[in-house]
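Novice: need coordinates for the following:
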Amino acid sequence: MQNELVKQPGIEDLVTGSGTPVEEALARLNAQTTGYGLVNMVGDFNKAVEIVRIAKVCHNVNKAYCLALGDTSVPTWEDAPAWQKESIIAGVKLHLNNPNASTDDSHNSWLAQKTAEGWKYGPVKDVEKKEHPCFVPYDMLPKEQQAKDFIFREIVHSLVGN
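Specialist: Numbering: from 1, shown residues only. I've put the predicted structure just below:
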């Protein structure tokens, strides 16, 4: 049945990329999501594919926004580490499950996730030290950083029609 779902117009291209056989694409998707159990957590292959698609769009738009601000540190989706993808997927799921969640709620959810993972405030983002300059209450974020939460929320809602 999963192969039938993937063969729907648009889904096959999303999952397979450029001509990858469906079975290989499914294996790749499972390998990419095994670290955080996306397919198992969601329980619905179509929904899992949609969440990954939305997360990828959010990530790519955020990367472009960061580039516009002079920040070249954001990798491509394909090169992003699993923890970064997991964080983006968690944000997408927050807005899908809570359509009225505010940008403040989004940031607080991110803070809670990062706190649980051992992150803390640092003047510069340092993955090795688990430090991040946005590790502050939402109202203390610079406007440029608050804008990311507005953009992220709008992308999620626009792509699902909310």
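Novice: which helix is the longest one in the protein?
Specialist: Scanning the chain for the longest helix, with DSSP state H as the assignment, gives helix 45-68.
Novice: centre of the chain versus the next helix or strand after it, how much separation?
Specialist: Proceeding N to C from helix 45-68, the next assigned helix or strand is helix 82-97, under DSSP states H and E. In this view, helix 82-97 has its centroid 4 Å away from the chain centroid, taken as Cα atoms, centre = their mean, to the nearest Å.
Novice: next helix or strand past helix 82-97?
Specialist: helix 103-116.
Novice: that following helix: which residues count as buried?
Specialist: Residues of helix 103-116 classed as buried: 103, 105-107, 109-111, 113-114 (neighbour count, 16 or more other Cβ atoms under 10 Å). Any C-beta I mention is one placed from the backbone N, CA and C, and that applies to glycine too.
Novice: show me the shaky parts of the chain.
Specialist: The chain contains residues with pLDDT under 70 at 1-44, 162.
Novice: Throw the buried residues of helix 103-116 into JSON lines and include distance to residue 95, thanks.
Specialist: As requested, the buried residues of helix 103-116 are exported to JSON lines (distance: Cβ to Cβ, whole Å):
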{"residue": "103", "distance to residue 95": "10"}
{"residue": "105", "distance to residue 95": "9"}
{"residue": "106", "distance to residue 95": "7"}
{"residue": "107", "distance to residue 95": "12"}
{"residue": "109", "distance to residue 95": "9"}
{"residue": "110", "distance to residue 95": "12"}
{"residue": "111", "distance to residue 95": "16"}
{"residue": "113", "distance to residue 95": "14"}
{"residue": "114", "distance to residue 95": "18"}
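Novice: care to break the chain down by domain?
Specialist: As given by automatic domain parsing, the domain ranges for the chain are 1-34, 45-115+144-160.
Novice: show me what contacts the residue nearest the centre of the chain?
Specialist: Per Cα atoms, centre = their mean, the C-alpha nearest to the average position across the chain is that of residue 88, at 2.1 Å. Residue 88 makes contact with 55, 58-59, according to Cβ atoms under 8 Å, 6 or more residues apart in numbering.
Novice: about what we covered before: tell me what the longest helix of the chain is packed against?
Specialist: In terms of contacts (3 or more Cβ pairs under 8 Å, 6 or more residues apart in numbering; DSSP states H and E), helix 45-68 is packed against helix 2-6, helix 11-16, helix 22-34, helix 38-42, helix 82-97, helix 143-160.
Novice: one step back: roughly how far apart are the closest residue to the residue nearest to the centre of the chain other than its chain neighbours and residue 129?
Specialist: The shortest distance from residue 88 to any non-neighbouring residue, by Cβ to Cβ, 6 or more residues apart in numbering, is to residue 55 (4.5 Å). Distance of residue 55 to residue 129, computed by Cβ to Cβ, to the nearest Å: 25 Å.
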